[in-house]
Structure formats: structure tokens, C-alpha cells
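>>> Sequence and computational prediction follow.
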Amino acid sequence: MAPSSAASVVFIADVGPDPFHVGDEAMLEANVETLRQYVPSARVTVLGRDEATDDELSEALRTAAGLFVSGGGNLRSPFPGLLRHRVHAMREARRLGIPVVTGGQTIGPDLSAVDRAALIEGLAGVAHVGVRETASLAFALQMGIPPERISYQADDAFLLARRRPADINNARAAAEPFVAVTFDPSFLTPEAGRELEQLAAQLASITFETGLRIVFVPHVGPRGEIGSEDGRVGRALQEHLRGAGVPCTVLPVLRAAETVWITQRAAAVVSSRYHPLVFATAAAVPSLGIHRDPYTRVKLEGALAHAGMTAWSQSASTAAGGGLIVAFRRLWGDREAVRNSIARACAPILAREAGRWQVLLSALRLPQPYAEKAQPRIFPSLIGWRGNGAATVKRTTVLSEQQWSDYARDGFLELGEVVDAPALAGLRQRADDLATGRVQNADVRMELDSGSTYDDLPGLVSSALGTLRYRKIAGLENDDRFAPLVRHPLFLEIAAHQYGPHVPISVFRAIVFNKPAEYGSVLPWHQDGGDVWALDRDPLLTIWIALDSATTANGCMEVIPGSHRFGLLGRRGTALSDENVARYCAPERVVPLEVKAGHGVMLHNWLLHRSGVNGMQLPRRAFSICYMDGRTLSTLTGARFPVVAGSLPPEPHPYVRELQDAATDLRAQSVAAVEYATSLREANTALEQSMHDATRYAADLKEQLTQATTMRKEAERYASDLKKHLEAARAPAASAAPIRSVG
């Protein structure tokens, strides 16, 4: 179909009057506004959730130049009607020969086998697919969509222009510093229990500590009213806060652009919904997400990921259990650094959006606003280097079942080209600059290649070596040039397959290995693991990228295919004993891994491998990333390692926390029981002493009584004797004649 000056584009969006959904309206509004900026003459037909019957859709498509599926999280089985309608629209457009594009989609994570098959069929005919999260990107690749037809993008509404609320009272809510809060109705369900009350108590503490007011910004409900949906949660939160002596303003459901205005004026945002995080991070507002299930976790972390804030989302149970205030204190304490970090991460999005729209317009066969057409990039925001040797990630495809089978058999798999030539030049130069000190990075450590035997090599040091005869440059997950490559979506997908799709992924080390020209040390047969790494569980995956072509002449890696299935041959150290070398590393089993520059290899950490000395006149460098289960702890420090995918909640899983609480209670009860038993023993001892003292006292009293009785008897005898003497003395006197006086 040839483009016309008044080409018609049909938009499908999850919009409608009841209920009004700010996020869906925002995505549609942003897409329509952007289309009209580029193609002012375009006629737009919008089919919402109530209008988009199959017949109406077919009729609208007959005269359309293209179909635009506006963004959203509806490509999942829990929304069967929306999923079915979108698949039907894609099929109908393909039948009519009309191009189809999508805005940013969340695909899955919960898709039944039937829905997955239908979606694969529908997306097969889409000219360009937008995905908002790396998990959705992995789904799209697994569904067989060619990488050149995929854009990993920020949400459609990320750059939606904000507008001051028409109602002055709503605008006044943002007059003083405040926290914008949005909670969905799941917080009112019986299953949620006391979570909302517990969150309210923490928000009250946040107000007392920071002076920030609480403003509840509903996201779903009747427009212009507080009403149902989120508004009910806002009212309940308001009551809880009132009981704590903290005022809370509950706004009505506002138009999309007005909600953006309110959200972006907040000092911080706390939300269980997706779009408040999108609006906030677009303006570098520090934000915290609260997710309840795998779907909302994927979405919220996906929204935060574009701002480099993936780790700032936690489960609802964790947040209610005290995690909210712990995380908020950290966020608020580092708010200036957080704002600067978000701003740096989001700055390139505007330019990338312009390029993405060039691709969409081309796919829809609409007039192009620029003569020079932008080329689609599958992962622009994950690498995002431009010019001066800047890198663009090469096309990659998801691994097939056969490739996974080969990896399971051999313990290694060649991935093909993953980094292009300009990027390689930049990475090689960066490594050399770090080693010589031309670039300083306090988080990076280096090791000199002294040409010694493996056991006698010097250790890592923090200062630059001042020479190109280096062996290692470690800590590159903290380097601006190397760190983005650590988050290559293909590598993260491989890690998710290795450790599990819902397990956070961390990095044990991101390191450049160098074999200097015509110099170096022999690396003996070894495995990557064991107690020498001081971890509470063994990492299993390393991605190895050749920065220079690795050949047998310059000391390429040599491996024993399938040796990872032997398990770790020694727990204490990585190098093999002479006996194990003789047993497992026979020369006829050795395979050299010759790898072209820019190509990658995935390796099982237990695969037996070695490398020799570089005999060529040029160095041989490689970048190695060891991925592991994000829950891994250092047995030396108890600390975890940098998380590059997913996130670790600040608190453990609720069940684990319950066990910990129960154990704490049992320990407390045990201590109390011991204390009580001790007090009983002490009381018994005291009682025994008292009884002994009483017995002695009774004996003393008895003895005293006996003495008193004896004394009384003696006194009675003495009295009797006195009486007798007195009577005897009186007797003679009575018998004598009386003497008469003479007057």
C-alpha cells in the first residue's frame, strides 16, 4: 500500500471510560502525539476496550495504512480477552497486507501453551515489536522474532509532556515537598492482611523523619473522582495515617498528563503500579517499587531498569515487614546521587526514541521526517555507546535447544560475534589505559605478568602497573566501558537458563585476561571453583569474549570437552594435581578454542582448561565475566556480590523470615527457660539454706528453752529455800514475851 498524505493509522489500546486507566491513556496519548508530530496529516482511529469488536476492527483496517498496537502489559494469559483481540488484530492486518507495529509491550511471564502458540503466530507478521523489559525481550527472541525487528525501549509514555492540573486544588497538593504514593486494590484483599496498615505506619515514620507530606495519586478509577479502584486504597491509607497523626491528601483520578505533572513534582515516589515509576524516573525522581507477584515484579523492575534503578523494588510482604522504611532511608539519604544517576541513565533515551520512531514510520510506510533513516538497534539502551570507537551490540539470537544440548555435552559453546570492531578497539584501549594509569579507577585492581610459574605470580594491586605486561585487570563491573557489556541481554538470558528464570544474577568477577606479546606465564590445567574462591555455593557460568583473536600461536585456551561432568576434582584449589592431569587430560582429548576477535564463548566453570604463552608480537586479550546465583555469599565477609539482573529483597522470603522469627522466638524462650531454671536453682539453694538456718535456730531455741527450764527449776528451788529460811527466821521471834513500855 503506497503511503498517502492523509494516511490512516489504527491504534488499538486498552482505553475506555470505565475504569479510566492513567497508564494506558498515557501510552496512547504519547503515541498519537508523537505520530502527529512526525506526520501532521495522519488520520488516527482509536479502538479501545469497548469499541474494538472484531467486525469494527476489520472495517477500520480496510482503509488503514497501518496498525499500531499501543503499549501495555496485556500479552499474557490472565487477560485472555485482550490477548485474543490483539492476536486477532495482528492476523487480520496480515490478511489485508497492512503493516503492524507495537509500542512497548510486556510479554508474559504467564503464558499458557495455547496462548503462547497463538501469540507466536500473531507476532510473526509484525513489522516491528517494542518490548519494555529484558524478560520480555527474551520472550520475543524465544518466539522466533528476528532481532532486527525488536526494540528494547522505555515505556511509550516515558516522554509524555506533563500538564498542570486544571483544578487549582489538585495543583496545590504539589505545593510542598511530598511523597507521591500509589497502591493498587490488592492491598485491600483479605490475603494482604495488615500490609496496608504496616505500610501506613512506615509512611508515618517517613513523614516524621523527613517532613515530607503524603499525597496519594490514584492510577485507576473513575476520572475526576476518588471513587473505586485505587481511590478506596487511598481512603484506607488516609484513615491509617490519620490514626498516626499524619495527614494524607488523596487526589482524584486525573488525566494522564496531569498525573505526570503531579508525579514529577514529588520529592520521591512509592508505588505498586507501573506508570508512576515511569513518570517519576523520566524526571529523575527517586522511586521505590512494591511488587506482589512475578508479573508485577517483571514490570516494576523493568520500569526502574531504564533508570538504572532495578534493585529499588521489593515484594509487598517485605515492604510491609519493615523493608519500605529501610529502603526509603537509604534512598532519601543518597537522594542527590540517586537523582544524578537516574539523569545520566535516562539522558540517552530521547535520542533513542527518535531513532525508534524512524523505524516505526518506515515499517508503517509513512512519510519520513528526516532524509537519513535511523537503523534499528536491538539493545541500544543496554550498551548505548556512540561514536569515537563506541560500541553497538551485534545481532544475536536466542540459543536453540540443540545448542543447549551441545553445551550440556561439551561444557562450552561458541556464541558467535557479540561485540563489533569499533567496540573492540575501545575496550582494548580502555584495558591498556587502566593498566598504564592513563585512566584511573579506584575500584579496579591489576596483576602483573611476571613470567613466573602460576603459583609464584604476584597478587592483585589497586594502583596502575604502568606497563602493558599485565596479566589481569579485575573489577571491571565497575568500569564505565566494560560494565554495560556485563548486562548484555544474551548473557543474562544464558545466566537465567543456568540458574533459573526468577533467580537474581550477580557477578563474581568481570576481568580482562591478557597475554603480553612474546611473554607471559603458562596457566596450568584447572577448574574455576572450589574453596579458594571463598563462596557459599559454586558459580557455574563464565562468558569469555575475545578482544583479540585467540589462536594456538598466541596461547589460546585449551579445553577437555565434557570434563565439567566430572564435577570439581578438588575442593581446596583450582589447579589439578599431577595425578588428575594424567588421568583426565590426555593429549588426544585436548581441543584448542580458537576464537575470533569480538566472538564469545560460554563456559561451564568446572570445564578443565589451560593456556600457554603468547608467542606472537601482539598481545592477546579477552574479557571474562563469571555469573552466579545472586544469593551467593562470600564466606570471608558474608557479603553478596553486584546484582546485574533481577534484585534481592532487603528482607528474606516471608516463609524464611517466619522461620527466622520462629527460631528467634525459640532462642528467646530457651534463654528464658535457662534463666528460669537458674532462678529456681538459686531459690532452692536459698530455701535449703533458710531451712538449715531455721533448723539451727530451732535447735538453739530448744537449747535455750532447756536452759531456761533448768534455770526456772533452780529459781523455784532457790525461792523455796528462801521461803523456808524466812519462815524459820520468823518462828523464834513469835515465841518471845512482848516488851511493854512504861508510861
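Good, I have the coordinates.

>>> what ranges of the chain fall below the confidence cut-off?
1-6, 50-52, 368-398, 450-459, 572-573, 648-658, 660-661, 733-743 (pLDDT under 70).

>>> if I pick the residue nearest to the spatial centre of it, what's in contact with it?
Centroid check for the chain by CA atoms, centre = their mean gives residue 647 as the closest residue, at 1.5 Å. Residues near residue 647 by CB atoms under 8 Å, 6 or more residues apart in numbering: 301, 310, 311, 312, 313, 314, 504. From N, CA and C alone the C-beta is placed, and that goes for glycine too.

>>> Including secondary structure, distance to residue 679 and neighbour count, could the residues you listed go into TSV?
Output for these, formatted as TSV (DSSP: H, G, I helix; E, B strand; the rest coil; distance: CB to CB, whole Å; neighbours: other CB atoms under 10 Å):
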residue	secondary structure	distance to residue 679	neighbour count
301	helix	52	24
310	coil	53	22
311	coil	48	18
312	coil	49	22
313	strand	49	29
314	strand	43	25
504	coil	47	23
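
>>> from what I can see, the residue nearest to the centre of the chain looks like it's in a helix, true?
No. Secondary structure assignment (DSSP: H, G, I helix; E, B strand; the rest coil) places residue 647 in coil, not in a helix.

>>> Backbone dihedrals for the closest residue to it other than its chain neighbours, both of them.
Among residues not flanking residue 647 along the chain, residue 311 sits closest, at 4.5 Å (CB to CB, 6 or more residues apart in numbering). Main-chain torsions, residue 311, degrees, to the nearest 10: phi -70, psi -10.

>>> Kindly report the same for the one 10 residues further on.
With angles defined as degrees, to the nearest 10, residue 321 sits at phi -80, psi 10.

>>> again, but for residue 180
Dihedral angles of residue 180 (phi, psi; degrees, to the nearest 10) stand at phi -80, psi 120.

>>> is it true that the residue nearest to residue 647 touches residue 645?
No. Look at residue 311 against residue 645 with CB atoms under 8 Å: they stay out of range, at 10.5 Å.

>>> what's the helix or strand harbouring residue 497 in contact with?
According to DSSP states H and E, residue 497 maps onto helix 489-499. Helix 489-499 has contacts (CB under 8 Å, 6+ apart) with 134, 137-138, 141, 152, 379, 382, 396, 398-399, 404, 415, 418, 503, 505, 540-541, 543, 600, 602, 625, 627-629, 644-645.

>>> tilt between the helix or strand following it and helix 489-499?
Using DSSP H and E, the helix or strand that follows helix 489-499 in sequence is strand 505-515. If you take axes from the mean of the first three to the mean of the last three CA atoms, to 10 degrees, strand 505-515 sits at 120 degrees to helix 489-499.

>>> other SSEs contacting strand 505-515?
If you count contacts as 3 or more CB pairs under 8 Å, 6 or more residues apart in numbering; DSSP states H and E, strand 505-515 packs onto helix 421-436, strand 470-474, helix 483-486, helix 489-499, strand 620-629, strand 643-645.

>>> starting at the chain centroid, how far to the first one?
Averaging C-alpha coordinates over helix 421-436 and over its chain gives two centres that are 30 Å apart (CA atoms, centre = their mean, to the nearest Å).

>>> what are the C-alpha coordinates of that helix, in PDB please?
The C-alpha trace of helix 421-436 is given here as PDB (Å, rounded to 0.1, in the frame of the first residue of the first chain):
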ATOM      1  CA  ALA A 421      35.000  -3.900  15.700                       C
ATOM      2  CA  PRO A 422      34.700  -0.300  16.900                       C
ATOM      3  CA  ALA A 423      33.700  -1.600  20.400                       C
ATOM      4  CA  LEU A 424      36.600  -3.900  20.400                       C
ATOM      5  CA  ALA A 425      39.100  -1.100  19.700                       C
ATOM      6  CA  GLY A 426      37.600   0.900  22.500                       C
ATOM      7  CA  LEU A 427      37.700  -2.000  25.000                       C
ATOM      8  CA  ARG A 428      41.300  -2.900  24.200                       C
ATOM      9  CA  GLN A 429      42.300   0.700  24.600                       C
ATOM     10  CA  ARG A 430      40.500   1.000  27.800                       C
ATOM     11  CA  ALA A 431      42.200  -2.000  29.300                       C
ATOM     12  CA  ASP A 432      45.600  -0.700  28.300                       C
ATOM     13  CA  ASP A 433      44.800   2.800  29.700                       C
ATOM     14  CA  LEU A 434      43.800   1.300  33.000                       C
ATOM     15  CA  ALA A 435      47.000  -0.800  33.300                       C
ATOM     16  CA  THR A 436      49.300   2.100  32.400                       C
END
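
>>> Measure how it sits relative to strand 620-629, angle-wise.
Going by the same axes, to 10 degrees, helix 421-436 makes 90 degrees with strand 620-629.

>>> Just the buried positions in helix 421-436, please.
422, 423, 424, 425, 426, 427, 428, 430, 431, 432, 434, 435 (16 or more other CB atoms under 10 Å).

>>> for those, which one is nearest residue 527?
Residue 527 has its nearest neighbour among those in residue 431, at 25.3 Å by CB to CB.

>>> how close does the closest one get to residue 354?
33 Å (CB to CB, to the nearest Å).

>>> what's the answer for residue 331, then?
Residue 331 is 31 Å from residue 354, by CB to CB.

>>> So residue 466 lies in a strand, does it not?
No. Going by three-state DSSP, the assignment for residue 466 is coil, not a strand.

>>> Run a quick neighbour tally on it.
Other residues near residue 466 come to 13 when the count uses other CB atoms under 10 Å.

>>> The nearest residue to residue 298 once chain neighbours are set aside sits in which helix or strand?
Spatial nearest neighbour of residue 298, excluding adjacent residues (CB to CB, 6+ apart): residue 135 at 5.0 Å. Element membership for residue 135 (DSSP H and E) is helix 134-142.

>>> again with residue 205
With DSSP H and E as criterion, residue 205 is part of helix 195-210.

>>> Same question for residue 103.
Using DSSP H and E, residue 103 sits within strand 100-107.
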